[in-house]
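*Asks:* Structure for this input, please:
(one chain, ligands or ions: 1)
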Amino acid sequence: MTDPARQDQRQDHQRQDQLKAELLAVALEAADRAGDLLRDGRPADLGVAATKSSAVDVVTEMDLASEKLITDFFAERRPGDGVLGEEGANHEGTSGVQWVIDPIDGTVNYLYGRPDWAVSIAARKDGETFVGVVHAPVRGETFRAVLGQGAYVGDTPLRVRTAPPFEQALVGTGFGYIAERRVRQAEVVAQLLPRVRDIRRGGSAAIDLCDVAAGRLDAYYERGLNPWDFAAGDLIAREAGARTGGRPGEPLSGELTVAGPPGLFEPLQSLLDGLGAWHD
Ligand code: LIP
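*Replies:* Residues are numbered from 1 along each chain as shown. This next block holds a predicted model:
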């Protein structure tokens, strides 16, 4: 490579690192502001404002307020960026950057006053997730990752647990909001349960993926997630050393999301594929 070409490459990398740093700072500030609103402004009589795919797929006024706070913040700080949010925010930008937002991941936990919920924000560019932030205010934890620069909770680096023997794995999962899907998901977990240490169902995919990154779960899988559920947690898990994906050879998606350390990810993915965890 010629010196001018090498210099151009260095300058591109510098520009990209500067963009990543800016996106991380904006994401952290937005998540912190939304987290404060959600933690401190939760009405004592919080109820269901609307339902989506079923009577138990709920939206509260706070989901809507959180998404508005975040999208207004991005409109002010990053006006050229696109946005995709769980509660309806959806517009193309001109910068090539797209924000993927779950204003409350773990809405049912939030509705019931349980602590395991988070604000999940990811920034994507050129088909890659550059930045991921999962802010869990009641847990007092903010997980973050920048592509190629590691994953952290606060300032503590994150690393997945070394793969245990399959039968000693603690595996997280979740279930959909539609009864017919839950029947199939129950059949899959019934087959998995006797083969592993135990199962945990936390209620927030974003937190579950961060728990894999932090070594608090050995692995996680779920069918039926949306991009906003996993965009940030996927990057955090990968930057902490996890493999993530869907069916063998496929990227993670709503069809199937699997995350875990090398040596456990592969046999779990293979077993789930054989059990039909990827279809209803
Ligand atoms: C939730 C996911 C969780 C899944 C729930 C729900 P929401 O997202 O994070 O993993 O099991 O059914 O989809 O709806 O709270 O944003």
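*Asks:* list the contacts for the residue in the stretch 101-250 of the chain that the ligand sits nearest to?
*Replies:* Using CB to the nearest ligand atom, Gly174 is the residue of the stretch 101-250 of the chain that sits closest to the ligand, at 2.4 Å. All C-beta spots, glycine's among them, are computed from the backbone N, C-alpha and C. Counting by CB atoms under 8 Å, 6 or more residues apart in numbering, Gly174 touches Arg201, Gly202, Gly203, Ala205, Asp208, Glu222, Leu225.
*Asks:* Assign Pro267 to helix, strand or coil.
*Replies:* helix (DSSP: H, G, I helix; E, B strand; the rest coil).
*Asks:* Number of residues surrounding the residue nearest to it when sequence neighbours are not counted?
*Replies:* Using CB to CB, 6 or more residues apart in numbering and skipping the chain neighbours, the partner closest in space to Pro267 is Phe166 (5.6 Å). Neighbours of Phe166 under the rule other CB atoms under 10 Å: 17.
*Asks:* Hmm, Leu192 and Phe166 touching each other?
*Replies:* No - contact status for Phe166 versus Leu192: not in contact, 10.2 Å apart, counting by CB atoms under 8 Å.
*Asks:* before we move on, the earlier item: Produce a PyMOL select command limited to the buried residues of the contacts of Gly174.
*Replies:* To isolate the buried ones among those in PyMOL, judged by 16 or more other CB atoms under 10 Å, type:
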select buried, resi 202+203+205+208+222+225
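*Asks:* and which of the contacts of Gly174 is nearest Leu268?
*Replies:* Leu268 lies nearest to Glu222 out of these, by CB to CB, at 12.2 Å.
*Asks:* How about the backbone phi and psi for that closest one?
*Replies:* When quoted as degrees, to the nearest 10, the phi and psi of Glu222 stand at phi -160, psi 150.
*Asks:* Identify the residue spatially nearest to it, adjacent ones excluded.
*Replies:* Gly174 (4.3 Å).
*Asks:* hang on, the earlier thing: shouldn't the residue of the stretch 101-250 of the chain closest to the ligand be within a helix?
*Replies:* No - counting by three-state DSSP, Gly174 is not part of a helix but coil.
*Asks:* For it, give me the pLDDT.
*Replies:* pLDDT for Gly174: 98.
*Asks:* Nearest to Val131 among the contacts of Gly174?
*Replies:* Each of those was checked against Val131 using CB to CB; the closest is Ala205, at 18.0 Å.
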